[in-house]
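> 3D, please:
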Amino acid sequence: MDHHASPKPATARKSKALSGSVRVPGDKSISHRAFMFGGLASGETRITGLLEGEDVLRTGDAMKAMGAVIEKHGDEWIIQGVGNGCLLEPVAPLDFGNAGTGSRLTMGLVGTYDMETTFIGDASLSKRPMGRVLDPLREMGVQVVKAAPGDRMPLTLRGPKHAAPISYRVPMASAQVKSAVLLAGLNAAGVTTVIEPVMTRDHTEKMLKGFGANLEVETDADGVRHIRIEGRGKLLGQTIAVPGDPSSAGFPLVAALLVPGSDIVIENVLMNPTRTGLVLTLQEMGGSIELLNPRNAGGEDVADIRVRGSELKGVTVPAERAPSMIDEYPVLAVAAAFAEGETLMQGLDELRVKESDRLAAVARGLEANGVDCTEGEDWLSVRGRPDGRGLGGGTVETHLDHRIAMSFLVMGLMSEKPVTIDDANMIATSFPEFMGLMKGLGATIE
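Alright, predicted model coming up:
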């Protein structure tokens with residue numbers, strides 16, 4: 001997607017009941033890692049269900065630039081990896097577009113190589129802080145040769161001759177920081193340890209183990225996780241079926257809860273316990289959400305989700321739930337706008353450093369559409385109007401943020417007046433099929 005493309009506004013209007021069965025695109029977190037670990041492992045990796053959004057494809061391009069061979073055959077992606085420790089120095093800067101996950105994890109992956117790598121991104125990514133990843137890498141001997149002010153992109157890393165393994169306590173709940181350190185440890189002789197006081201999504205640990213890394217996780221009496229990885233081990237290619245992304249599932253899920261009479265099934269959704277905060281919260285609000293056919297696929301929990309139109313009530317969402325639903329707060333805030341009473345969401349400081357200042361963007365979007373809300377430093381409270389009367393009629397500034405765009409299109413399906421977003425172009429970064437899928441269920445979006 002060209003981020004200089006002229007904006008393409010979109011409008012959602014009050015909809016009739018939604019119905020049907022759908023599959024959302026593959027999980028974004030697992031898709032990024034499948035390309036990375038497949039590109040790094042020896043031998044062949046085969047991937048089905050990959051999310052073919054802009055962000056993930058940028059990660060694939062980066063791995064190709066460092067020696068991996070990645071090709072698509074029919075519905076399957078086939079990768080010939082280089083082998084752990086054998087990445088090549090890229091001849092040009094790695095352009096990650098809008099991909100925060102791809103860029104931060106790749107910094108960890110390549111940082112400990114004795115080579116120079118330059119990272120660039122679009123206007124949105126260039127504003128995002130990279131210091132949280134660079135700080136532990138510096139401890140391992142990585143030099144940040146050049147960077148924009150505040151450790152931002154464009155930036156160039158120079159790896160040491162021999163990286164030092166470290167023990168690193170993650171100062172914030174961030175799966176990206178944890179993963180970057182573990183990936184850096186893959187190319188450091190000895191054992192690298194990450195200490196994680198608050199558990200975040202654990203796809204990196206699960207998948208690295210699946211690829212053959214010598215990795216162990218211990219949880220102490222206080223619930224603090226100690227993740228140890230032995231460097232310089234051999235990774236072997238794997239076959240991966242990527243389950244549906246729970247963050248993407250959140251949009252049709254909330255839409256079906258809000259629009260009266262709706263009854264839909266979202267098939268094959270990842271139900272990893274570190275990712276199910278939204279489902280749990282919506283159930284607490286009174287949402288009719290039923291997990292059908294729960295099963296295990298490739299080491300991950302998966303289920304089909306049946307959702308029916310429901311009357312929601314406001315709840316308090318505790319701060320400790322934030323890591324399991326950090327990307328879902330925008331669409332939860334939209335659900336809260338139609339719930340009876342007040343919904344208070346706490347522990348949202350991480351939203352300030354997403355694709356946009358996501359907390360401010362959500363609050364401004366709600367206000368523009370008549371919703372009574374209060375934004376705090378790390379919290380948001382929303383006082384809902386169950387019938388949607390008086391809501392809508394505004395235009396939402398998306399700030400190049402795909403989740404803001406999709407969340408407010410969901411809002412328009414239930415509000416009295418239509419809701420318009422200023423640009424729908426960037427939805428392609430994570431959910432290229434969003435418009436077609438929603439319209440297929442009966443949503444009125446144009």
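> excluding chain neighbours, what is closest to residue 365?
Ranked by Cβ to Cβ, 6 or more residues apart in numbering and with sequence neighbours excluded, the top spatial neighbour of residue 365 is residue 396, at 4.1 Å. (Glycine included, C-beta is placed from N, CA and C.)
> this protein - how does it break down into domains?
Structural domains assigned to the chain are 10-26+243-445, 28-241, following automatic domain parsing.
> and the first one, what's its mean pLDDT?
Averaging pLDDT along domain 10-26+243-445 yields 96.
> start to end distance for it?
7 Å (Cα to Cα, to the nearest Å).
> got it, and the shortest one?
Here the two ends of domain 28-241 are set 13 Å apart, with distance taken as Cα to Cα.
> that older thread, okay, the domains of the chain in JSON lines with mean neighbour count next?
Converted to JSON lines, the domains of the chain look like this (neighbours: other Cβ atoms under 10 Å):
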{"stretch": "domain 10-26+243-445", "mean neighbour count": "21"}
{"stretch": "domain 28-241", "mean neighbour count": "20"}
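> spatially nearest residue to residue 224, not counting backbone neighbours?
Sequence neighbours aside, residue 197 is the residue nearest to residue 224 in space, at 5.2 Å (criterion: Cβ to Cβ, 6+ apart).
> next: residue 275.
residue 246 (4.8 Å).
> which residue of the chain sits farthest from its center?
Counting by Cα atoms, centre = their mean, the extreme residue of the chain relative to its mean C-alpha position is residue 161, 33.1 Å from that point.
> mind checking the SS state of the closest residue to it other than its chain neighbours?
Closest residue to residue 161 in three dimensions, ignoring its sequence neighbours and counting by Cβ to Cβ, 6+ apart: residue 114, at 5.4 Å. Using DSSP: H, G, I helix; E, B strand; the rest coil, the secondary structure recorded for residue 114 is coil.
> from residue 66, how far off is residue 114?
Using Cβ to Cβ, to the nearest Å, residue 114 is found at 13 Å from residue 66.
> what do you get for residue 260?
52 Å.
> does residue 86 touch residue 67 like I think?
Yes - with contacts counted by Cβ atoms under 8 Å, residue 86 reaches residue 67, the gap being 7.0 Å.
> just the strands in the stretch 151-300 of the chain please.
With strands called from DSSP state E, counting those that start in this stretch, the stretch 151-300 of the chain shows them at 152-158, 167-169, 191-196, 215-219, 225-230, 239-241, 263-270, 288-297, 300-308.
> just the helices in the stretch 301-446 of the chain please.
329-336, 358-368, 402-412, 434-441 (DSSP state H, counting those that start in this stretch).
> of the ones you listed, which is nearest residue 383?
For residue 383, the closest of the helices of the stretch 301-446 of the chain is helix 329-336, at 8.4 Å, according to Cβ to Cβ.
> residues contacting the residue nearest to residue 275?
Under the criterion of Cβ atoms under 8 Å, 6 or more residues apart in numbering, the contact list for residue 246 reads 27, 269, 270, 271, 272, 275, 276, 278, 279, 328.
> same check on residue 37?
Residues touching residue 37, when contacts are defined by Cβ under 8 Å, 6+ apart, comprise 45, 207, 208, 211, 235, 238.
> narrow these to those in helices?
For those, the ones inside helices are 207, 208, with DSSP state H as the criterion.
> distance to residue 387 and pLDDT added to the contacts of residue 37, as JSON lines?
What follows is the contacts of residue 37, written out as JSON lines (distance: Cβ to Cβ, whole Å; pLDDT from 0 to 100):
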{"residue": "45", "distance to residue 387": "51", "pLDDT": "97"}
{"residue": "207", "distance to residue 387": "45", "pLDDT": "95"}
{"residue": "208", "distance to residue 387": "49", "pLDDT": "97"}
{"residue": "211", "distance to residue 387": "51", "pLDDT": "96"}
{"residue": "235", "distance to residue 387": "55", "pLDDT": "97"}
{"residue": "238", "distance to residue 387": "50", "pLDDT": "96"}
